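Undergrad: Sequence plus predicted model, see below.
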Amino acid sequence: MKKLILDINVDSEGFMNNQIKRSLGRSIAVAALGVGLLGQGAWAEDLDPEAIERGKAAAATCVACHQADGSGMNNEGAEPWPRLTGLHPDYIVTQLTDFKEGRRTNASMQPFANMLDDEQVHDVAVYYSSLEVTADASVEASEALLERGRELALNGDWDRYIVACVSCHGPGNHGVGSTFPNISGQHPAYIVKQLQAWKEGERENDPLGLMKSIAQRMTQEDMQAVAAWLGQQPVLPENNSK
Ligand code: HEC
Ligand code: HEC
């Protein structure tokens, strides 16, 4: 398999604090080695039951969009609601904090993030990451589109410097630590929307601009293809599904 070399200047002063830089460097090294990583189950076992309970109460307003089971909705043609299950709790904390502090913007989501104090942000993150993952997300797509998506996700496109998604998002694209989110089984319309947002400079909270630089090289069809394929993959690793 042809692998692209990551050329990331980890010394450049971006919006990153040292801790994120360190974990990022480590995660990339681990992802590049292709070593088995923290499975989704690994953190789920350590979650504080009281935080889960508090989080459940604080999440009462979230179900209108993210659904009672946290599975979200593809909402083709309207605004997609991301699946929140199968995500690392610290990644959820980062995203909610970014919404609250305006580093990530979305008119539907921000008012709800703003209603949470720091403890509630922590608690809802723990709650969603404790939930069982329900049905996988998938949309209809042609074999040719899925094959192109699979190629981009697993091997990238050397000629256009599109790095394979797995080289950062980890084996099965199930995520690496709290920095690289699980994108497997996420709703395709949401994946496409995020890639477009990075390409157009509307989402800018990614560490070191890693996603922006990839999205900028992708065409609309690349985005549709990779999202359709990812949407058909299981949210959790097979040996780890609950
Ligand atoms: C009115 C609909 C709506 C409600 C209610 C809502 N959200 Fe969201 N949420 C969204 C949308 C839409 C997005 C995707 C935003 C984007 O496209 O960037 C999102 C994104 C998120 C994300 C980022 C997920 C990721 O994978 O990066 C998190 C975390 C989240 N919401 C948590 C919550 C929590 C917790 C609540 C309740 C306190 C909540 N949301 C209530 C619509 C909603
Ligand atoms: C060089 C590393 C790297 C590569 C390669 C990479 N990503 Fe990412 N990706 C990231 C990081 C880091 C984040 C987290 C951004 C943040 O914290 O806001 C991310 C986040 C995402 C998200 C947002 C998930 C969410 O829940 O909101 C999507 C969608 C995504 N990546 C898709 C892809 C796809 C598709 C590919 C392959 C074409 C890819 N990524 C390749 C590093 C990478």
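TA: In hand now; what should we look at? Ligands and ions are numbered 1, 2, ... in the order given.

Undergrad: Ramachandran angles for the residue nearest to the spatial centre of the chain?
TA: With distances taken as Cα atoms, centre = their mean, Pro181 lies nearest the centre of the chain, 3.6 Å away. Dihedral angles phi and psi of Pro181 (degrees, to the nearest 10) take the values phi -70, psi 160.

Undergrad: from what I can see it touches Gly86, true?
TA: No - with contact defined as Cβ atoms under 8 Å, Pro181 does not count as touching Gly86 (9.2 Å). Yep, even glycine has a C-beta here, placed from its N, CA and C like the rest.

Undergrad: List the contacts of the residue nearest to the centre of the chain.
TA: Going by Cβ atoms under 8 Å, 6 or more residues apart in numbering, Pro181 touches Leu87, His88, Tyr91, His169, Gly175.

Undergrad: Go ahead and name everything in contact with the helix or strand encompassing the third one.
TA: Just to be clear, that refers to Tyr91. Per DSSP states H and E: Tyr91 is located in helix 89-100. With contacts defined as Cβ under 8 Å, 6+ apart, helix 89-100 is touched by 43, 47, 84, 104-106, 109-110, 113-114, 116, 121-122, 124-126, 128-129, 175, 178-179, 181, 205.

Undergrad: And for stretch 221-235?
TA: 74, 83, 85-86, 133, 136-139, 141, 145-146, 148-150, 152-153, 157, 162, 165, 172-173, 182-189, 191-192, 195-196, 215, 218, 241.

Undergrad: ok, now stretch 113-124?
TA: 51-52, 54-55, 58-59, 61-62, 89, 92-93, 96-97, 99-100.

Undergrad: which of those are buried?
TA: Buried members of the contacts of stretch 113-124, counted by 16 or more other Cβ atoms under 10 Å: 51-52, 54-55, 58-59, 62, 89, 92-93, 96-97, 99-100.
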